[in-house]
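# model this:
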Amino acid sequence: MKTLFSLMLTLLFAGTLFAQEENKNPQEYKTLFGNQQMSNGAYGGLSINYTQIDKKDAMLVGARGAWIINHSLALGFGGYGFANDLKYEKVYGDDQTENYFLAGGYGGLLIEPIIAAKSPVHVSVPILIGAGGISYINTYWSDYDNRYDYAYTEDADAFFVIEPGIELELNLVKFMRVAFGGYYRYTSDVNLYNTKKDVLNGFSTGITFKFGKF
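Residues are numbered from 1 along each chain as shown. The predicted structure follows:
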């Protein structure tokens, strides 16, 4: 009997405390996993990456912007522009040459989980999903009669792209991070003159400077 009486008192005391807590925040939405406030932030970033396109050195210059949810997930948009080295194509005697290069860009949705974001050195896993375009650009130079050179787009195509990556991030100051990353770019087939269909598939490495509220 004494045990039952003690249990009833305990339940009554707990119910009173719960009712008092409810009165403090009568409109608060309750959940099973707590009611901690969510932190929000955002950042903008500039990227410089190295890759190979058509077995030639190429640079990717890009930008991204994202909303950061609770320090652990960034959602936003990103994109890159690229061009590879000139590739020898034809020579017409000693005074005329013709070369070409590939140039274009791509962009889309950015999904970026961030692991241990408050640690000064941590990891993020950006995934870019989107679309882009590529051009086969011909450059012509001649020294015959009057020297001249020009460039024109000989062919172009569009493609879909998914580019997952992994980045090692350093918190330099509260508003700035620098990330060293490796990525793999996978695209749908491209149909260009004198170019392989998977010419854009490949690895890239680079550095990204991020500024914002993390």
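
# Measure how buried S119 is and give me the count.
Per other Cβ atoms under 10 Å, the neighbour tally for S119 reads 11. Just so you know, the C-beta spots here come from the backbone N, C-alpha and C atoms, and that holds for glycine as well.

# how far away is it from E98?
53 Å (Cβ to Cβ, to the nearest Å).

# same question, F180
39 Å.

# Please apply the same query to F77.
38 Å.

# Excluding chain neighbours, give the residue nearest to G104 in space.
Nearest non-adjacent residue to G104, counting by Cβ to Cβ, 6 or more residues apart in numbering: I134, 3.7 Å away.

# what do you get for L200?
Excluding the flanking residues, the one nearest L200 by Cβ to Cβ, 6+ apart is T187, at 4.5 Å.

# contacting residues around the closest residue to K174 other than its chain neighbours?
Of all residues not flanking K174 in the chain, F214 sits nearest, at 7.3 Å (Cβ to Cβ, 6+ apart). Counting by Cβ atoms under 8 Å, 6 or more residues apart in numbering, F214 touches G41, Y43, I68, H71, A117, N171, K174, F175, R177.

# So which elements touch the host helix or strand of the first one?
If you go by DSSP states H and E, G41 is part of strand 40-53. Counting by 3 or more Cβ pairs under 8 Å, 6 or more residues apart in numbering; DSSP states H and E, the packing neighbours recorded for strand 40-53 are strand 56-69, strand 73-84, strand 176-187, strand 202-213.
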